[in-house]
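1. sequence and computational prediction follow.
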2 protein chains.
Amino acid sequence: MASAELLLLSHAMSHETQPSHANHNTAGDTTLVSFRKSIDNIDAAIIHMLAERFRITQAVGEYKAKVTLPPADPAREKRQIERLRKLSEEADLDPEFSEKFLRFIIEEVIRHHEKAREG
Amino acid sequence: MASAELLLLSHAMSHETQPSHANHNTAGDTTLVSFRKSIDNIDAAIIHMLAERFRITQAVGEYKAKVTLPPADPAREKRQIERLRKLSEEADLDPEFSEKFLRFIIEEVIRHHEKAREG
């Protein structure tokens, strides 16, 4: 038996009073509903943070075009990644993920800047 | 001449008193430094939000294993994406980006859950 199956079996055995997956109604599961409300609140906060971040990077893009600076700044990006990795470690977040996350955001910012230059 | 070059030329012509790119010191540029401080503050806030989000999804993963629910829930994901797209529009954020962002986060959550099941 694979370890994943064993794990599931041990969970099933230790929680025999829990409803089985087949008839488990997630919408009526107050524990899950409560977790999901917290996740939804956090997501709304992140979306608004991102909206504000893109407002600022848009202003940065306009400013850089005005003073003829290139859109990307690899030295700044390196410092940002190092800082966020450190912050992540303190917050118990995978530093690899925070780096991936920042690169994901920076790619989008550069895409915006290029689009603004073209338009 | 390409439109991007024309744009740069027009910027350069309208701001002849601005320093040129070659000798522009970004570290001493108070406008850029101020923008970057705001970006750094927002990034720190997002990293801490994400750390808390992963704490909750970890608890959700443990709970789902306990009550034998599958890690992914496509119906819930669909609702989350619709909600975040709506929130994004109100916040003037590209809804396409917010959907891409949520998928990026959910992929990481599922990766965590799978890792937890294996380990």
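-> On my side now, so go ahead.
2. just the buried residues of stretch A:81-97, please?
-> Across stretch A:81-97, burial judged by 16 or more other C-beta atoms under 10 Å in any protein chain shown covers A:81, A:83-85, A:87-88, A:91, A:93-95, A:97. The C-beta positions use only the backbone N, C-alpha and C, and glycine is treated the same way.
3. how about residue A:85, what does it touch?
-> Residues in contact with residue A:85, defined by C-beta atoms under 8 Å, 6 or more residues apart in numbering or on different chains, are A:95, A:98-99.
4. what about it, which helix or strand?
-> helix A:74-90 (DSSP states H and E).
5. surely residue A:109 meets residue A:57?
-> Yes. Counting by C-beta atoms under 8 Å, residue A:57 is a contact partner of residue A:109 at 4.6 Å.
6. the more surrounded of these two?
-> Neighbours were tallied for residue A:109 and for residue A:57 using other C-beta atoms under 10 Å in any protein chain shown; the higher tally belongs to residue A:57 (23 against 19).
7. I'd say that one and residue B:36 touch.
-> No. Here residue A:57 lies out of contact with residue B:36, judged by C-beta under 8 Å, at a distance of 10.1 Å.
8. what touches both of these two?
-> By C-beta under 8 Å, 6+ apart, no residue touches both residue A:57 and residue B:36.
9. next helix or strand past the helix holding residue A:85?
-> Past helix A:74-90, the next helix or strand by DSSP H and E is helix A:95-118.
10. quick check: which ranges of chain A have low pLDDT?
-> Per-residue confidence of chain A (counting by pLDDT under 70) places the weak regions at A:1-24, A:119.
11. so how far is the lengthiest helix in it off the chain centroid?
-> Longest helix of chain A, by residue count under DSSP state H: helix A:30-66. With C-alpha atoms, centre = their mean, to the nearest Å as the basis, helix A:30-66 stands 10 Å off its chain's centre.
12. from the contact counts, what lies against that helix?
-> Packed against helix A:30-66 by the contact rule (3 or more C-beta pairs under 8 Å, 6 or more residues apart in numbering or on different chains; DSSP states H and E) you find helix A:95-118, helix B:3-14, helix B:30-66, helix B:74-90, helix B:95-118.
13. dump the ones you listed to CSV, plus distance to residue A:42.
-> Listed next are the helices and strands packed on helix A:30-66 as CSV, based on distance: least, C-beta to C-beta, whole Å:
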stretch, distance to residue A:42
helix A:95-118, 14
helix B:3-14, 39
helix B:30-66, 5
helix B:74-90, 11
helix B:95-118, 10
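14. next, name the residue at the spatial heart of chain A.
-> Per C-alpha atoms, centre = their mean, the C-alpha nearest to the average position across chain A is that of residue A:101, at 6.2 Å.
15. skipping adjacent residues, who's closest to that one in space?
-> residue B:50 (7.0 Å; C-beta to C-beta, 6 or more residues apart in numbering or on different chains).
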